[in-house]
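Asks: Could you look at this predicted model? Sequence included:
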Amino acid sequence: VTVLILLTAYDYTRSVFHEHAAAIVGAHNYNKLAPRRAGAFPTPNPLVWRGMAEMSNAYVEVPVDLLANFHVADAMTYYKPPRTPAMQAAMETYPFQMMLEFVQYPLWVMQPAIHAGGDADGSTRVSLIDLRFGTPALAGFAATALVDKRNQVRDAVFGFGEAGPR
């Protein structure tokens, strides 16, 4: 009974902290824009959260320490790219369809594909990541495709971390 009471208290406290962190993120403007929606994602410390605010043109990730002052200047901005034919081709693959079923904070990352030997043939590496689980620098769940210059998908994979077409 004691363990159940302690677990319930921990879970309730964590939910209160989550709501407070999300409210802090949603109460500020970022890049002179008010967020469409705001969320907070846990870290190992229950008093520190990864805040995420979505604007029309970008996502802003900001650390939220419930014991310290909130600083908008500590935010990292991830701009949403415009829709491209390469993105559309990638969306038609099974790995991207799987990813699109559960992604809540989707960020598309487009990069020129560099092949073995350092040559680029006009292909594009298209990735879709969920910002709840990672960032462009350190992806969590991601769908990644290699799209050639004719917008044909050569390879597409879904995975956790640095999953990418070979």
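Replies: Yep, that arrived.
Asks: CA only for contacts and neighbour counts going forward, please
Replies: Will do.
Asks: Find the residue at the geometric middle of this structure.
Replies: Nearest to the mean C-alpha position of the chain, counting by Cα atoms, centre = their mean, stands residue 131 at 1.3 Å.
Asks: Over to residue 61. Which of the three states is it?
Replies: For residue 61, the secondary structure call by DSSP: H, G, I helix; E, B strand; the rest coil comes out as strand.
Asks: tell me the contacts of the residue nearest to it when sequence neighbours are not counted?
Replies: With Cα to Cα, 6 or more residues apart in numbering as the criterion, residue 61 has its nearest non-adjacent residue at 4.6 Å, and that residue is residue 52. The contact partners of residue 52, by Cα atoms under 8 Å, 6 or more residues apart in numbering, come to 25, 38, 39, 40, 41, 59, 60, 61, 62.
Asks: Give me the contacts around the longest helix anywhere in the chain.
Replies: The helix spanning the most residues in the chain, taking DSSP state H as the definition, is helix 2-26. With contacts defined as Cα under 8 Å, 6+ apart, helix 2-26 is touched by 34-35, 37-42, 46-47, 49, 51-53, 62, 64, 66, 70.
Asks: Mind doing that once more with 10 Å?
Replies: Residues from elsewhere that reach helix 2-26 (Cα atoms under 10 Å, 6 or more residues apart in numbering): 1, 34-42, 46-54, 60-66, 70, 72.
Asks: tell me the contacts of residue 33?
Replies: For residue 33, the set of contacting residues under the criterion of Cα under 10 Å, 6+ apart consists of 54, 55, 56, 57, 58.
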